[in-house]
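Student: here's my sequence, what's the structure:
(chains A, B and C)
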Amino acid sequence: MEMNRRKFLKLGTAAVAGLGAAAAVANPAVAAAVNGSYKEAPGKRSNVTWGMVIDMNQMDEATLSKCIEVCHKYHNVPNIDTKKDEVKWIWPETFEHLFLDEVHEKMGEKYKGKTFMTICNHCEEPVCVRVCPTKATFKNAQGVVGMDMHRCIGCRNCMAACPYGARSFNFKNPRDYLDEINPTYPTRMKGVVEKCNFCSERLAVGELPLCVEAAGGAIVFGDINDPNSAVSKKIAENFTLQRRTNLGTKPKVYYIV
Amino acid sequence: MKKTNIIIGIVIFAVLVTVPFWSAILSPANGAAPEVSFDTPVINQLSGDNYKCVEDVEWMRAHHMDLLNDWKVQVVRDGNRVYISEDGTEYLASLQNTCFECHSNYEDFCLKCHTYSNVNPTCWECHVEPTVVGGAK
Amino acid sequence: MIEKALVKRTTKSYWAWIVFLLALIAVGFAAYIYQMTNGFAVTGMSRDISWGMYIGHLTFFVGVAAGGVMIVLPYYLHDVHEYGRITVVGEFLAIPAIIMALLFVVVDIGSPMKLFNVYLYYTPHSMLCWDATVLPIYLLLNLIVGYSVLQAENKGVKYGKVIRGLAIFSIPFAFSIHIVTAWLYAGLPSRHYFLTAMLPAKFLAGAFATGPSLIILICFALNKLTGFDAGKKAIDRLATTIAYAYTATIFMVVCEFFTAFYSNVPSHKAALQYLYAGLHGHNQFVPLMMLFVVLAVVTLLIMIPRQTRTNYKILGFGCATAFLSMYIEKGLTFVIGGLSESPFGEIVDYHVTLPEVLIIVGIFAIGILLASILFKLVVVVKKDMDVNAFPQEDRAGLAARYLAEYNAANGIVEEPKAAVEEAAEETKAE
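Tutor: Numbers count the residues shown, from 1 in each chain, chains lettered A, B, ... in the order given. Next up is the predicted model:
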């Protein structure tokens, strides 16, 4: 057979493709099935949607500090003190920062300067989930907006998208900013985005989120789908605010001012 | 082009293409298969029927990464935190809270074999290996 | 054919240029390694301004890549023959531009070793995924079409039907790459500088001014360096395209101002105030935006009147101002301006860092290196095949070449290339 360049390239391409396919078929390790099974997660099929009411009449600055410290310590959130690179799951903000659309010029300093607890809203229509190119951030069956750190590529699209500033990027190696590591919870690596996960690791075993436990009544947590739950009653009986409801994100964190 | 130039080119190409092979051969880790250690306080307490891993040891040796891969998806994304192994035992599907409980000797267990196989899993960038417990930096 | 870019008609200055670019690339690469070892803290990006210079440059260069379609579309769809000589310039411009755009994404990714998760866990509701889809496709189309067209020319035949089909197929992709990039921003609630339906149109109009401006500048540069002649009709027509596209772009900028300031909605005004006038004492971009305004006015004054637009000395200047003004508006300030007002209503500044600048310079060098090689290839092929493209070369130049070819064919020791070029130079000087 006469071999010219064109024929050689064609044959070569076919040979390489064939070899690749053969290797994939011949190697059984490529797709190894895990033979065990998983226990159905509690509450998975039920109609639970987790929500939270923060009662600002009870949430004083000491309680808030306690919530922050316990949460950050437990979740190995690094303590970076520059505003540019900081990582935070719960943090204090003033009223006018939190409720941009509810502030007016003459509002008294008493309300304006008041410190509020700030946390991811676990939106029903989360923009971060919409924009994430890998589904690294996702909304689970109970409405919790979670992060799959294994999958996050660190594109920071979610940070640009979140109207609540709830997300932090690991600009630095977080382990350099941890005095103590909780051995039962992972840290993060530099180059991924993180945020509050509503303590889904605790919810999974029937425990309340840590901040709720630490706040001693200032935060009520529960199923907002159930009209008889404590959280639903609290929302029904009090005047509550939510952050930036005009954006259609449907937050699940409510504030009693 | 001269014939010798072509031959030199082919030799350089061949050397570059086979980098993974000869770099592994030349690597100091190359040699006899490592002896991983099971000498940890928790494993030493196990006996009889309890002396077992999550799945069959041979299977674990070959497929622990597949199991961990599966766990990470099931736990993080689907919230299925309890794994039922083939013999029906239930385990909390957690590298840090289950695997490291027994295998608390990262250097003599995980690392030894990974160095030998020339693999570099990134698990430990986030998952805290037992030796780190009690203080970073 | 590619060997023509490297060995044929190369000069010492060409190789010096290549080595210089390679050095810049090495510096940029070192800066990238520094960024990846120390984390993104070494860039100007922050918790509030999560996208900065890299994504701004991505946006701008997607525009440059899309701009080439202003030659490709008229040539393939409307049989505008005067573009025949430069379609390949448009197609080849898109190649380095997209590669630069893709590199600006890669250097912006916090965990690049997980980059391919974008394809592994493909998520159609994410605009970034669509960006990662259309950009490589457009790159591939331009590689195939540009290379095939040039190769056909090299062999003195016309390109095949398939190539023509692919060229036409690439036209909607040119639009889509920039539309998708605009939608990356235009769908984010609460970022009011981004949240405008005008954005894709404004981006496209800007791109259709920027791309052709760069093509004219490249044609002028090739003319100076190699004597390549794009043809007066082609340049005039392209200049007209720029005039329309640039005017449309500025019109849309004005529209943004009208909506924000006539409605008087604070969040709509914030980014524009911050960029053009300063807000709450933050005014770092004001001088840059004033430069943009001046450049925009100058560009309009040059591009709209026929007399200035057809005067090549003035046109070259106008193309430079058009390109630079859009680089400021889209590449440098758009992304940071849009994110400058944090979700808490504070204005946050952005301080570009040295590693960031070096990485950007490195990517520019990669783009310019690719462009140099590709356009060298274009020039060599055209020089070999299309005598009319080089009227300056005739007589002495052609005579020297025919002499050299005869010598080569008959085994006579070849004249050094430099001498041939010197002879051509002398003729030019006369």
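Student: by mean pLDDT, point me to the weakest helix or strand of the chain.
Tutor: Because you didn't say which chain, this covers chain A. Scoring the helices and strands of chain A by mean pLDDT, DSSP states H and E places helix A:109-112 at the bottom, with a mean of 80.
Student: close to chain C, is that one?
Tutor: No. Using C-beta under 8 Å from any C-beta of the partner chain, helix A:109-112 never reaches chain C; the gap is at least 12.0 Å. All C-beta spots, glycine's among them, are computed from the backbone N, C-alpha and C.
Student: and the next helix or strand past that helix?
Tutor: strand A:115-119 (DSSP states H and E).
Student: show me what the helix or strand following that next one is packed up against.
Tutor: Elements were assigned by DSSP H and E; along the chain past strand A:115-119, the next helix or strand is helix A:127-131. Secondary-structure packing of helix A:127-131 (3 or more C-beta pairs under 8 Å, 6 or more residues apart in numbering or on different chains; DSSP states H and E): strand A:137-139, helix A:157-161.
Student: helices or strands up against the next helix or strand after the shortest one?
Tutor: The element immediately downstream of strand A:137-139 (helix or strand, assigned by DSSP H and E) is strand A:145-147. With contacts defined as 3+ C-beta pairs under 8 Å, 6+ apart, strand A:145-147 has these neighbours: strand A:137-139.
Student: measure how far the strand it packs on is from the centre of its chain, please.
Tutor: Relative to its chain's centre, strand A:137-139 lies at 8 Å (C-alpha atoms, centre = their mean, to the nearest Å).
Student: for stretch C:306-315, measure first residue to last.
Tutor: One end of stretch C:306-315 sits 10 Å from the other (C-alpha to C-alpha, to the nearest Å).
Student: show me the shaky parts of the chain.
Tutor: This is for chain A. Residues of chain A meeting the criterion pLDDT under 70: A:1-2, A:26-32, A:41-45.
Student: I was after chain C.
Tutor: Those would be C:1-9, C:384-398, C:414-430, if you go by pLDDT under 70 across chain C.
Student: quick check, central residue of it?
Tutor: Centroid check for chain C by C-alpha atoms, centre = their mean gives C:Val64 as the closest residue, at 3.4 Å.
Student: buried sites along stretch B:120-131?
Tutor: By 16 or more other C-beta atoms under 10 Å in any protein chain shown, the buried positions in stretch B:120-131 come out as B:123-130.
Student: with stretch B:82-96 instead?
Tutor: B:82-83, B:85, B:91, B:93-96.
Student: mind saving the C-alpha coords of that stretch as PDB?
Tutor: Written as PDB, here are the backbone C-alpha positions of stretch B:82-96 (Å, rounded to 0.1, in the frame of the first residue of the first chain):
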ATOM      1  CA  VAL B  82     -24.800   6.000  57.300                       C
ATOM      2  CA  TYR B  83     -23.200   3.400  55.100                       C
ATOM      3  CA  ILE B  84     -24.300  -0.300  55.300                       C
ATOM      4  CA  SER B  85     -21.500  -2.600  54.300                       C
ATOM      5  CA  GLU B  86     -21.900  -5.900  52.500                       C
ATOM      6  CA  ASP B  87     -22.000  -7.800  55.800                       C
ATOM      7  CA  GLY B  88     -24.700  -5.500  57.100                       C
ATOM      8  CA  THR B  89     -22.600  -3.500  59.600                       C
ATOM      9  CA  GLU B  90     -23.500   0.300  59.800                       C
ATOM     10  CA  TYR B  91     -20.800   2.900  59.600                       C
ATOM     11  CA  LEU B  92     -20.800   6.600  59.700                       C
ATOM     12  CA  ALA B  93     -19.600   7.500  56.300                       C
ATOM     13  CA  SER B  94     -16.800   9.800  57.300                       C
ATOM     14  CA  LEU B  95     -13.100   9.800  56.500                       C
ATOM     15  CA  GLN B  96     -12.200  11.900  59.600                       C
END
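Student: so A:Ile54 sits against A:Lys252, correct?
Tutor: No. Contact between A:Ile54 and A:Lys252 fails when scored by C-beta atoms under 8 Å: they sit 11.6 Å apart.
Student: can you dump the C-alpha atoms of the least confident helix or strand of chain A in CSV for me?
Tutor: This file holds the C-alpha atoms of helix A:109-112, laid out as CSV (Å, rounded to 0.1, in the frame of the first residue of the first chain):
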residue,chain,number,x,y,z
GLU,A,109,-29.2,56.2,65.4
LYS,A,110,-30.6,53.7,68.0
TYR,A,111,-32.0,51.6,65.1
LYS,A,112,-29.4,52.5,62.5
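Student: and it, what does it pack against?
Tutor: With contacts taken as 3+ C-beta pairs under 8 Å, 6+ apart, helix A:109-112 sits against helix A:95-98.
Student: for the helix it packs on, the distance to its chain's centre please.
Tutor: Relative to the centre of its chain, helix A:95-98 is centred 21 Å away, using C-alpha atoms, centre = their mean.
Student: does chain C sit close to that helix?
Tutor: Yes. Residues of helix A:95-98 contacting chain C under C-beta under 8 Å from any C-beta: A:96-98.
Student: tell me who's in contact with the nearest residue to C:Leu238 once chain neighbours are set aside.
Tutor: Once flanking residues are discounted, C:Leu238 sits nearest to C:Pro212: 4.7 Å by C-beta to C-beta, 6 or more residues apart in numbering or on different chains. In this structure, C:Pro212 makes contact with C:67, C:70-71, C:238-239, C:241-242, C:245, judged by C-beta atoms under 8 Å, 6 or more residues apart in numbering or on different chains.
Student: what's the farthest-apart pair in the residues you listed?
Tutor: C:Gly67 and C:Ala239 (13.7 Å; C-beta to C-beta).
Student: distance check, the nearest residue to A:Met107 once chain neighbours are set aside against C:Phe344.
Tutor: The shortest distance from A:Met107 to any non-neighbouring residue, by C-beta to C-beta, 6+ apart, is to A:Glu96 (7.6 Å). Noted for A:Glu96: a distance of 9 Å to C:Phe344, by C-beta to C-beta, to the nearest Å.
Student: before we move on, what about C:Leu225?
Tutor: According to C-beta to C-beta, C:Leu225 stands 53 Å off from C:Phe344.
Student: quick check: the residue of the stretch 151-257 of chain A nearest chain C.
Tutor: The minimum distance from the stretch 151-257 of chain A to chain C, using C-beta to the nearest C-beta, falls at A:Gly154 (2.1 Å).
Student: if we ignore the residues flanking it in sequence, what's nearest that residue?
Tutor: Closest to A:Gly154 by C-beta to C-beta, 6+ apart is C:Gly110, at 2.1 Å.
Student: where's the one you found, which helix or strand?
Tutor: Per DSSP H and E: nothing holds C:Gly110, as it lies in no helix or strand.
Student: my read: it touches A:Met189, true?
Tutor: No. Using C-beta under 8 Å, C:Gly110 is not in contact with A:Met189, being 9.3 Å away.
Student: overlap in contacts, the two.
Tutor: A:Asn170.
Student: please compute how far stretch A:106-113 lies from its chain's middle.
Tutor: 31 Å.
Student: and for stretch B:101-108?
Tutor: Stretch B:101-108 sits 12 Å away from the centroid of its parent chain (C-alpha atoms, centre = their mean).
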